[in-house]
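[1] Generate a structure from the sequence data that follows.
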Amino acid sequence: MPKKYDVCVKNGEYMGKDGTTKVKWLNVGALMSNDKGEYIILDRTFNPAGVANPENKEGVFLSLFPAKDSQNRTAPIKQEAPTYEPDDLNDEIGF
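    Numbers count the residues shown, from 1 in each chain. Predicted structure coming up:
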């Protein structure tokens, strides 16, 4: 059976109902495997430069978690893109 993991990055913290600090995780991709080997699919909109870096570390830490769903998902679930009204695109650009 192929392996499948969610690739996630720490995206903040919050206070749980029990008063403990919990971590918010953002799913940015998937690690998959098949008969040819393992591979990672990253969400093309994920920008590691946007990850908080309070300790000025050189890299971005990504974590692997067993995939939450049992479907053969090949990429993270995308959020729906915003919609624009035609008038929004006709605004004058001030430069």
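[2] so where's the chain shaky on pLDDT?
    In the predicted model of the chain, residues 1-2, 69-95 satisfy pLDDT under 70.
[3] State which strand of it is the longest.
    strand 21-34 (DSSP state E).
[4] next helix or strand past it?
    Next helix or strand after strand 21-34 toward the C-terminus (DSSP states H and E): strand 37-42.
[5] Give me the buried stretch members for stretch 53-65, please.
    60, 62 (16 or more other CB atoms under 10 Å). (Each C-beta comes from the backbone N, C-alpha and C, glycine too.)
[6] Contacts made by it with the rest, please.
    5, 6, 7, 8, 9, 10, 25, 28, 31, 48, 51 (CB atoms under 8 Å, 6 or more residues apart in numbering).
[7] For PyMOL, what selects the buried ones among the residues you listed?
    Remark: buried members of the contacts of stretch 53-65, expressed as a PyMOL selection using 16+ other CB under 10 Å:
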select buried, resi 5+6+7+8+9+28+31+51
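[8] show me where the chain has strands.
    Counting by DSSP E, the strands of the chain are 4-15, 21-34, 37-42, 62-66.
[9] Thank you kindly, that will do.
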